[in-house]
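1. Here is my input; please provide its structure:
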Amino acid sequence: MAYVGLSDFHAAVYDPATQTYETPVKLAPAVSATVTPNFESVTMYGDDRAVYIEEALGAIDFEFAVTDLESDHYALLLGKTKNTDGVFEDSVDDQAPYVAILFRMKLAGGGYKYFAYYQGKFQTPGTEATTKGDTIEFAPETLTGSFVAREDGKWRAHLNSNDPDAAVTAEEWFAKVYEPTLVPTP
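-> Numbering: from 1, shown residues only. Below is the predicted model of the structure:
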């Protein structure tokens, strides 16, 4: 199914030590997202042919743009703090927290595909601007980062709202970072 839209970026701070997430915070309106999982693939040969293929997930490159990177979101995503004058002074000692990113993409035939990327860090963005001329160009705020698998090996969750087995609503998806419903063992 083709995608025809992108919306509802949310971020939630993740604590790997306790394996818990804070409540997701809605970010400014979504402009774009590019997520690239990097897999290493190695083939073993024997008897003059390929015998085994092994894959390993490396870092997941994540880039997204929003209409504005609000002060609270700058602090949340990058571990920044304001001084007593309300000014951000970036420091080499700043540490971005691990975060989860949630969003949805509209499907051409109706419905949405929901995504949750579980554990990543973002880098402080650069600054780029041009003067206003005869035509107006918008310059969205773009953040880049890297995501990795959690300790349990999970790195993302996704759901197609048109799937007849879908038991999670949009409100539930963005209310907390998705964790599977545990079925008690008899």
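2. State the helix or strand in which the closest residue to residue 59 other than its chain neighbours lies.
-> In space, and not counting its chain neighbours, residue 59 is closest to residue 146: 4.4 Å by Cβ to Cβ, 6 or more residues apart in numbering. Using the backbone N, CA and C atoms, a C-beta is placed for each residue, glycine as well. Using DSSP states H and E, residue 146 sits in strand 141-147.
3. what's the offset of stretch 173-181 from the middle of its chain?
-> Its chain's C-alpha centre and that of stretch 173-181 lie 14 Å apart, by Cα atoms, centre = their mean, to the nearest Å.
4. in the strand holding residue 146, what counts as buried?
-> Under the neighbour-count criterion of 16 or more other Cβ atoms under 10 Å, strand 141-147 has 141-143, 145, 147 buried.
5. Between those, which sits nearest residue 118?
-> Residue 118 lies nearest to residue 147 out of the buried residues of strand 141-147, by Cβ to Cβ, at 7.3 Å.
6. what pairs with the strand holding residue 146, and is each one parallel or antiparallel?
-> strand 49-66 (antiparallel), strand 112-122 (antiparallel) (DSSP bridges).
7. Distance to residue 20 and mean neighbour count added to the ones you listed, as CSV?
-> Converted to CSV, those look like this (distance: least, Cβ to Cβ, whole Å; neighbours: other Cβ atoms under 10 Å):
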stretch, distance to residue 20, mean neighbour count
strand 49-66, 21, 13
strand 112-122, 12, 22
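8. Which among those strands is found nearest to residue 136?
-> Proximity to residue 136 (Cβ to Cβ) singles out strand 49-66 among the strands paired with strand 141-147, at 17.1 Å.
9. Quick check: next helix or strand after the closest one?
-> helix 71-78.
10. contact partners of that next one?
-> In this structure, residues lying in contact with helix 71-78 by Cβ atoms under 8 Å, 6 or more residues apart in numbering are 11, 13, 25, 27-28, 66, 69, 80-82, 88, 94, 96-97, 99, 122-124, 143.
11. mind checking the SS state of residue 23?
-> coil (DSSP: H, G, I helix; E, B strand; the rest coil).
12. among the contacts of helix 71-78, which ones are buried?
-> 11, 13, 25, 27, 66, 69, 80, 96-97, 99, 122, 143.
13. residues in contact with the closest residue to residue 66 other than its chain neighbours?
-> Excluding the flanking residues, the one nearest residue 66 by Cβ to Cβ, 6+ apart is residue 28, at 4.1 Å. Going by Cβ under 8 Å, 6+ apart, residue 28 touches 9, 66-70, 73, 141.
14. What distance do you get for residue 28 to residue 38?
-> Going from residue 28 to residue 38 by Cβ to Cβ, to the nearest Å gives 28 Å.
15. Kindly report the same for residue 53.
-> Per Cβ to Cβ, residue 53 is found 16 Å from residue 38.
16. hey, which helix or strand in the protein has the poorest pLDDT?
-> Ranked by mean pLDDT, DSSP states H and E, the weakest helix or strand in the chain is helix 170-175, scoring a mean of 92.
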